[in-house]
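Enquirer: Dropping a prediction and its sequence here:
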Amino acid sequence: MSQFAINVLFVGGSFAIYIGIAIWAKAGSTRDFYVAGGGVHPITNGMAIGADWMSAASFISMAGIIASAGYGASTFLMGWTGGYVLLALLLAPYLRKFGKFTVPEFIGDRFYSKPARMVAVICLIVASLTYVIGQMAGAGVAFSRFLEVDATTGLIIAAIVVFFYSVLGGMKGITYTQVAQYIVLIVAYTIPAVFISLELTDNPIPPLGLFSDHSASGEPLLSKLNEVVTALGFNEYTAMVDNKLNMVLFTLSLMIGTAGLPHVIMRFFTVPKVADARWSAGWALVFIGLLYLTAPAVASMARLNLVTTIYPDMAAQVENYEDATANPIAYADRPDWIRTWEETGLITFDDKNNDGRIQLYNNAAAFSDRGWQGNELEVSNDILVLANPEIANLPGWVVGLIAAGGLAAALSTAAGLLLAISSAISHDLIKGAINPKITEKGELRAARISMSVAIVVATYLGVNPPGFAAQVVALAFGIAAASLFPALMMGIFSKRINNKGAIAGMLSGLIFTLVYIFVYKGWFFIPDTNNLADVEANWVLGISPLSIGAVGAILNFVVAYLVSSVTEEPPQEIQDLVESVRYPKGAGAAIDH
Amino acid sequence: MADDKSKAAAYWKANLRLITGCLIVWALASYGCAILLRPLLAGISVGGTDLGFWFAQQGSILVFIGLIFFYAWKMNRLDKKFGLGE
């Protein structure tokens, strides 16, 4: 069977399962649509959160980024997991006790203010929509690579699939499809990793293999990797970063952003009890951790494999690295996976010195006496996970599995985000502000229409990407961190924060973060409208626009506190509400009102 | 009623104490051992690198998982002890 047929079989088969589940679990009421009837077990919910959370960025890009940046990219590993501690301790159980459907609803009720609710709706839509564009684009690329269609067709296929199972199913459909998607994606991620770990370290468990000895050389894997990459003029893989402040703030932004992203928070409304919300967060992190503990192993092993593929002399024990780097392979002898990926343009070779060999190194004058004229092989970070099975010579069905896994990651996150957007529009904007008398049926219809519109917008922007995929993700986290998280946390932990304080805090956190990003990335991401070049020398105190969300969050806390302390206390019934949210006793199912 | 109130206050105080403790561990594992204190831990080697690197790419995630389950377990006991559970 051809690779194409295998891919179609795996991708098609997994999709048939997802859509089948969505139809089986078709939502009947608004409660079903938003919160799955409140009857989801913590382990099931944990898996669904895992699928919701692990997007194309986690599945496809993260290991590639770690492979190229080494220690410095640990930010993503810690940031995207550490946020769950904040969620479990500071938000999830209380929001579950509060027992409503959406994040803006909590903010509106707690701060007894419609404007606060609308500000939260705006923050939610901007954060979720920007994030969803990235997912659709990622799904489009994966479809086009594995189904051998062009990128636009791939994206349209993705949009149709998302439409079917999220618009028809609602939260209930999504919860169970996401459990299936989690299983597909984690199996797809770990199988190639296990084989590669066995091959390189004789240890079948990748996270243990990472800290084991490299079998071919007898040295610890990471020391071997450090020697190999420094011999080629790259930074040591495990080297410390210079700008620690920025690393701390970037990690903090990702953590707070994780805890503030509405599509994840929403998941905690779907458990039967407050205690289950706490357990759900723990299970979610266990399931997410399986991938996040495997990713750094995949990263370092793939980096070593790549280098030793080009320089076979470095594969085993090396006496003299200077000699070992002298004989890169001939371009004509390159392995098949390099050939396949060259067709996508994600690997490019440029024979600068016309010797027919592939020189992969960090441009340094060191090798100019050999007649080398610069690095000749460019490998995109994004292909690493997708190419992993091919690099390790695994059979065709593993490649098909990876295709299904990558798509599961992108589509499950897109579906979760779309649900958060549609409920904000139908429940908070339409029912909460424009037409409070809307019937349950009308609200459900509004939710489905707004979801369809969001899919069309996201698909359009995915086809015509404004060219800022990476910035968009940073913006989504920055907004969630600087606007929603502080308001939610203060709403629970302080009785003194009032409506004026919350609104002032959210707006100042949001605007400050946006302005800082726009100054370096261009106003509304329009190219060439940035005031300063986005380089470290220009950053205030060395803080990058990616890390600014943490500062925005701190500003939000400070402003909300100051404004609240010079204005009046919240009314007694609001203080009682805060009091009641703090104790699990008397939590009913999510209230339909 | 007054008794309920003081019980609730004691429960909340115990919860805040627990949260503070957990967040100190959370920060020590990630911002501490993995980033700021890494140079101090450089002497402790783990599989070809140092303890700080292990914390950054593996240890902190394990600590996070442990923390959430520890907190959930402790809170369940607090809920029962103060009679404020569901």
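Expert: Looks like it arrived, so ask away.

Enquirer: All the strands of the stretch 401-550 of chain A, residue numbers only.
Expert: Remark: no strands are assigned in the stretch 401-550 of chain A by DSSP state E, counting those that start in this stretch.

Enquirer: Quick one: low-confidence residue ranges for it.
Expert: Along the stretch 401-550 of chain A, the parts satisfying pLDDT under 70 run over A:464-472, A:474.

Enquirer: If we use 50, what do you get?
Expert: Where the stretch 401-550 of chain A drops to pLDDT under 50, the residues are A:467-468.

Enquirer: need the contact list for the closest residue to chain B within it.
Expert: Going by Cβ to the nearest Cβ, chain B is nearest to A:F493 of the stretch 401-550 of chain A, at 8.2 Å. Any C-beta I mention is one placed from the backbone N, CA and C, and that applies to glycine too. Neighbour list for A:F493: A:L90 [criterion: Cβ atoms under 8 Å, 6 or more residues apart in numbering or on different chains].

Enquirer: now swap in the one 5 residues further on and tell me
Expert: By Cβ under 8 Å, 6+ apart, the contact set of A:N498 is A:111, A:564, A:567-570.

Enquirer: Tell me which helix or strand comes right after the worst-scoring helix or strand of chain B on mean pLDDT.
Expert: Of the helices and strands making up chain B, the lowest-confidence element is strand B:45-46, at a mean of 88, by mean pLDDT, DSSP states H and E. Next in sequence after strand B:45-46, counting helices and strands by DSSP states H and E, comes strand B:49-50.

Enquirer: residues in contact with that following strand?
Expert: A:211, A:220, A:222-223, A:226, A:238, B:38, B:41-44.

Enquirer: do stretch A:201-209 as well
Expert: Stretch A:201-209 has contacts (Cβ under 8 Å, 6+ apart) with A:190, A:193-194, A:196-198, A:200, A:212-215, A:221, A:293-294, A:296-298, A:301, B:58.

Enquirer: do the same with stretch A:577-586
Expert: Stretch A:577-586 is contacted from outside by A:93-94, A:97-98, A:109-110, A:273-275, A:491-492, A:494-495, B:8, B:11-12, B:15, B:79, B:83-86, using Cβ under 8 Å, 6+ apart.

Enquirer: same thing but 7 Å
Expert: Contacts to stretch A:577-586, defined as Cβ atoms under 7 Å, 6 or more residues apart in numbering or on different chains, come from residues A:93-94, A:97-98, A:110, A:274-275, A:492, A:495, B:8, B:11-12, B:79, B:84-86.

Enquirer: Next to chain A, which bits of chain B? Give me the list.
Expert: B:8, B:11-12, B:19, B:22-23, B:26, B:30-31, B:34-36, B:38-39, B:46-49, B:53-54, B:56-58, B:60-61, B:64-65, B:67-69, B:71-72, B:75-76, B:79, B:84-86 (Cβ under 7 Å from any Cβ of the partner chain).

Enquirer: Which residue ranges of the stretch 101-250 of chain A form helices?
Expert: A:103-110, A:114-147, A:151-162, A:168-201, A:206-209, A:221-231, A:244-260 (DSSP state H, counting those that start in this stretch).

Enquirer: hmm, back to that, can you tell me which of the residues of chain B next to chain A end up in helices?
Expert: Secondary structure defined by DSSP state H assigns B:8, B:11-12, B:19, B:22-23, B:26, B:38-39, B:53-54, B:60-61, B:64-65, B:67-69, B:71-72, B:75-76, B:79 of the residues of chain B next to chain A to helices.

Enquirer: Drop anything exposed from the residues you listed.
Expert: Among those, those scoring as buried are B:8, B:11-12, B:19, B:22-23, B:26, B:38, B:53-54, B:60-61, B:64-65, B:67-69, B:71-72, B:75-76, B:79 (criterion: 16 or more other Cβ atoms under 10 Å in any protein chain shown).

Enquirer: In chain B, which residue is most central in space?
Expert: B:C22 (2.4 Å; Cα atoms, centre = their mean).

Enquirer: list the contacts for it?
Expert: Taking Cβ under 7 Å, 6+ apart as the criterion, B:C22 is in contact with A:89, B:67, B:71.

Enquirer: Of these, just say which sits nearest to A:A454.
Expert: A:L89 (31.5 Å; Cβ to Cβ).

Enquirer: Would you mind getting the angle between the longest helix seen in chain A and helix A:244-260?
Expert: Ranked by residue count under DSSP H, the longest helix found in chain A is helix A:274-310. Between the axes of helix A:274-310 and helix A:244-260, defined by axes from the mean of the first three to the mean of the last three Cα atoms, to 10 degrees, the angle is 130 degrees.

Enquirer: which parts of helix A:274-310 are buried?
Expert: With burial defined by 16+ other Cβ under 10 Å, the residues of helix A:274-310 counted as buried are A:274-310.

Enquirer: which ones among those residues come in contact with chain B?
Expert: A:274-275, A:278-279, A:281-282, A:285-286, A:289, A:292-293, A:296.

Enquirer: How about residues contacting stretch A:560-570?
Expert: For stretch A:560-570, contacts defined as Cβ under 7 Å, 6+ apart pick out A:112, A:486, A:490, A:495-498, A:500-502, A:504-505.

Enquirer: re earlier: any chance of TSV for the contacts of B:C22, columns pLDDT and distance to A:D350?
Expert: Listed next are these as TSV, based on pLDDT from 0 to 100; distance: Cβ to Cβ, whole Å:
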residue	pLDDT	distance to A:D350
A:L89	95	51
B:L67	97	49
B:Y71	97	54
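
Enquirer: between the residues you listed, which is closest to A:E319?
Expert: Among the contacts of B:C22, B:L67 lies closest to A:E319 (Cβ to Cβ), at 46.4 Å.

Enquirer: Do I have it right that A:V184 meets A:F15?
Expert: No. In this structure A:V184 lies outside contact range of A:F15 using Cβ atoms under 7 Å: 10.1 Å.

Enquirer: More neighbours: which of the two?
Expert: Comparing A:V184 with A:F15 by neighbour count (other Cβ atoms under 10 Å in any protein chain shown), the higher total belongs to A:V184, at 24 against 19.

Enquirer: hmm, back to that, can you redo the ones next to chain B among the buried residues of helix A:274-310 as a markdown table with pLDDT?
Expert: Formatted as a markdown table, those follow (pLDDT from 0 to 100):
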| residue | pLDDT |
| --- | --- |
| A:V274 | 88 |
| A:A275 | 89 |
| A:R278 | 92 |
| A:W279 | 92 |
| A:A281 | 93 |
| A:G282 | 94 |
| A:L285 | 96 |
| A:V286 | 96 |
| A:G289 | 96 |
| A:Y292 | 96 |
| A:L293 | 96 |
| A:P296 | 96 |
